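A.B. asks: requesting a structural model of the entry that follows:
(one chain, ligands or ions: 2)
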Amino acid sequence: MKWDFDARIRRADQLAQSHPAARDLLSFYGQLVRFQAPIFDTLRSGAETDVRALARYFPQLIDLVARTGPAGLADNGRARLVDASAGEELLRSASEDGVAHTLAADPYGRFFARVLLQPYAEYLASRGDVHAEPESRICPFCSSWPVAGVLHGEGEGAKRWLLCAVCSTEWPFRRVLCWNCGEENKDRLPIYTAPDFPSVRVDACDTCRIYLKSIDLTKDGHAVPMVDEIAAVALDIWAEEHEYSKLETNLLGM
Ligand SMILES: [Zn+2]
Ligand SMILES: [Zn+2]
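C.D. replies: Ligands and ions are numbered 1, 2, ... in the order given. Model (predicted):
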C-alpha cells in the first residue's frame, strides 16, 4: 500500500501541529486510523473475507467516538447498532451496494460503516491487481467514488489520479476533464489554490458545480493525500461559499 495506516497516523500528527485550524479534526482522524490499523493487520493475517465479521468492532468504535469524536455521533451509533445483527446488516448493505450510493442520505451510517469497510476493502484490494479503464468515474476495484485527486510527477509535468474513498485504490484520470459530468472545456474547469495550502488545489467544474480537491505530490512529496485532504478543510468552506459542492465526503463526513 502506498500510504499505509502508519503513514496516515504520522501525517495526521504532523499536520495537526502545522494546521491549528484543523487540529481537532486531524486528531479525531488520527484516533480513527489507529483503530483501523490493527483491523487491517488482523484481516491480512487471518484471510477473513466475510464483511459481517467486522460487526464485532462496533462497540469499541462507539466507545472511541464517545471519547474523541463530535457530540451526538456516539449516541447515534449506540441507537442504531444496538445489537450485532444491526451492525452486520449495515456492513452488508454498505459493502454490497456501495457506501456512497446506499448511504448518501445517512451520514451517520456512512461514517460507522466506512471506518470498518476501509481496512476491509483495502485488504481485499491489496490482494489483487486492479485494471482501470481509462477515465473511469468510479473506483475500478470497489465502484466507490473518489475522495480526492492526486497529482504525481511525470516527466516535466504531473499526471492526475483519483483516490478511492473506500479502498484507497488510485486510477488515472485526465487533468482537463470533469470527473462528475465529463466537461472537457478548460475554461469551465477552474483550479483554485490558496497560499496556506501550497500543495492542495480545488479542481472545480462550472458546468455541474462539483469539485474535488487534488493533492499535488510534486509540490510536497511527504503529503499523504487522504490526510492532507482533511487538513485543507478551509478550502471546502471556501468552495461551498462559492456554490460548489462535493459528491463524496472524506472519512469524517466533510
Ligand atoms: Zn475502491
Ligand atoms: Zn462537471
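A.B. asks: neighbours of the spatially closest residue to Ser168 that is not a sequence neighbour, just the number please.
C.D. replies: In space, and not counting its chain neighbours, Ser168 is closest to Glu122: 5.3 Å by C-beta to C-beta, 6 or more residues apart in numbering. In this view, the C-beta of every residue, glycine as well, is placed from N, C-alpha and C. Glu122: 24 surrounding residues under other C-beta atoms under 10 Å.
A.B. asks: now name the helix or strand holding Glu122.
C.D. replies: helix 107-127 (DSSP states H and E).
A.B. asks: next: Trp238.
C.D. replies: Taking DSSP H and E as the definition, one finds Trp238 inside helix 233-241.
A.B. asks: and that helix, what other elements does it pack with?
C.D. replies: For helix 233-241, the packing partners by 3 or more C-beta pairs under 8 Å, 6 or more residues apart in numbering; DSSP states H and E come out as strand 191-193, strand 200-204, strand 211-216.
A.B. asks: need the residues of this protein near ligand 2, please.
C.D. replies: 178, 180-181, 183, 205, 207-208 (C-beta under 5 Å from the ion).
A.B. asks: up against ligand 1, what does the protein have?
C.D. replies: Residues of the chain lying near ligand 1 by C-beta under 5 Å from the ion: 139, 141-142, 144, 164, 166-167, 169.
A.B. asks: re the thing from before, list the buried residues of the helix holding Trp238.
C.D. replies: Using 16 or more other C-beta atoms under 10 Å as the test for burial, helix 233-241 gives 233, 235-236, 239.
A.B. asks: and which of those is nearest ligand 2?
C.D. replies: Proximity of the buried residues of helix 233-241 to ligand 2, judged by C-beta to the ion, is greatest for Ala239, which lies at 13.5 Å.
A.B. asks: gap between that closest one and ligand 1?
C.D. replies: Distance, Ala239 to ligand 1, using C-beta to the ion, to the nearest Å: 23 Å.
A.B. asks: does that residue really touch Ala204, like I thought?
C.D. replies: Yes: using C-beta atoms under 8 Å, Ala239 is in contact with Ala204, at 6.9 Å.
A.B. asks: are there residues contacting both of these two? Which ones?
C.D. replies: Residues touching both Ala239 and Ala204 (C-beta atoms under 8 Å, 6 or more residues apart in numbering): 192, 211.
A.B. asks: can you check what pLDDT the model gives the closest residue to Lys246 other than its chain neighbours?
C.D. replies: Sequence neighbours aside, Tyr211 is the residue nearest to Lys246 in space, at 6.3 Å (criterion: C-beta to C-beta, 6+ apart). As summarised for this prediction, Tyr211 has a pLDDT of 97.
A.B. asks: OK, contacts around Tyr211?
C.D. replies: Here Tyr211 is in contact with 202-205, 239, 244-246 (C-beta under 8 Å, 6+ apart).
A.B. asks: in JSON lines: those residues, plus pLDDT and distance to Asp4.
C.D. replies: Below are the contacts of Tyr211 laid out as JSON lines (pLDDT from 0 to 100; distance: C-beta to C-beta, whole Å):
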{"residue": "Val202", "pLDDT": "98", "distance to Asp4": "27"}
{"residue": "Asp203", "pLDDT": "97", "distance to Asp4": "26"}
{"residue": "Ala204", "pLDDT": "98", "distance to Asp4": "31"}
{"residue": "Cys205", "pLDDT": "98", "distance to Asp4": "32"}
{"residue": "Ala239", "pLDDT": "97", "distance to Asp4": "29"}
{"residue": "Tyr244", "pLDDT": "97", "distance to Asp4": "32"}
{"residue": "Ser245", "pLDDT": "95", "distance to Asp4": "31"}
{"residue": "Lys246", "pLDDT": "93", "distance to Asp4": "25"}
